[in-house]
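Colleague: Just a sequence and a predicted model for now, questions to come.
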Amino acid sequence: MSICGLIEQQAKARPGATAVVYPGCGDGGEARLTYGELSTAANRLAAHLRARGAGRGERVVVSLRPGPRMVTAFLALARAGMVCVPVDPSAPAGWRRAVVRDSAARTVLTEGDGAQYSGPGVRVVRVDAEAAEIAGR
C-alpha cells in the first residue's frame, strides 16, 4: 500500500489520532496534526494546486520550513500525482532560483514573499497568504 493509502486508512479508522508532531513552533510549543486534519489539509492543498493550474506529473518546488505545512505539502503532491522538488528556504536565493529553473518546475510552494521565485511560466503559491482560499476548497 502507498503512503497516501496508509494515511487515508488511518484518517478513516482513527481520525483523531496524532499524525504529525513538530516541536518548537510559535511560542516554543509544538504543532500537531491529527490524521483527519492532515488528510483534509492535503486534499484541500491538492485541489488548490490543480485550480491554480498545476497538473499530474508536474514538478513542484516545495520551499517550506520543516513542520506540518511541509508534511501536508508532500502528501498533497503525492495524492495529486505531482513531483516534489524540495528546496531549503534558507538557501541562497540564487541557488533556489537555479533549482526552479534547472528542474523545469512551473509551480513553487512557499511562505512569505515568494518574489525571488517569480518569473515567466512560474506560478508561486504562498501557502500562508492563500491559507483562507486553500481552507475553502
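Modeller: Perfect, I can see it now. Here the structure is a predicted model, which is why all the values come from computation and not from measurement.
Colleague: average model confidence for stretch 103-121?
Modeller: Confidence for stretch 103-121, expressed as mean pLDDT, is 90.
Colleague: Where does the prediction get shaky in this protein?
Modeller: Counting by pLDDT under 70, the chain contains low-confidence residues at 25-28.
Colleague: Which residues are in contact with residue 54?
Modeller: Contact analysis of residue 54 by C-beta atoms under 8 Å, 6 or more residues apart in numbering lists 60, 80, 82, 106, 107, 123. All C-beta spots, glycine's among them, are computed from the backbone N, C-alpha and C.
Colleague: Assess the claim that the third one and residue 49 are in contact.
Modeller: By that I understand residue 82. Yes: at 7.0 Å, residue 82 counts as touching residue 49 under the criterion of C-beta atoms under 8 Å.
Colleague: what residues are shared contacts of the two?
Modeller: Taking C-beta under 8 Å, 6+ apart as the contact criterion, the residues that touch both residue 82 and residue 49 are 60, 107.
Colleague: picking that back up, tell me which entries of the contacts of residue 54 lie within helices.
Modeller: When these are checked against helices (DSSP state H), the matches are residue 80.
Colleague: Surely residue 50 forms part of a helix?
Modeller: Yes: under DSSP: H, G, I helix; E, B strand; the rest coil, residue 50 sits within a helix.
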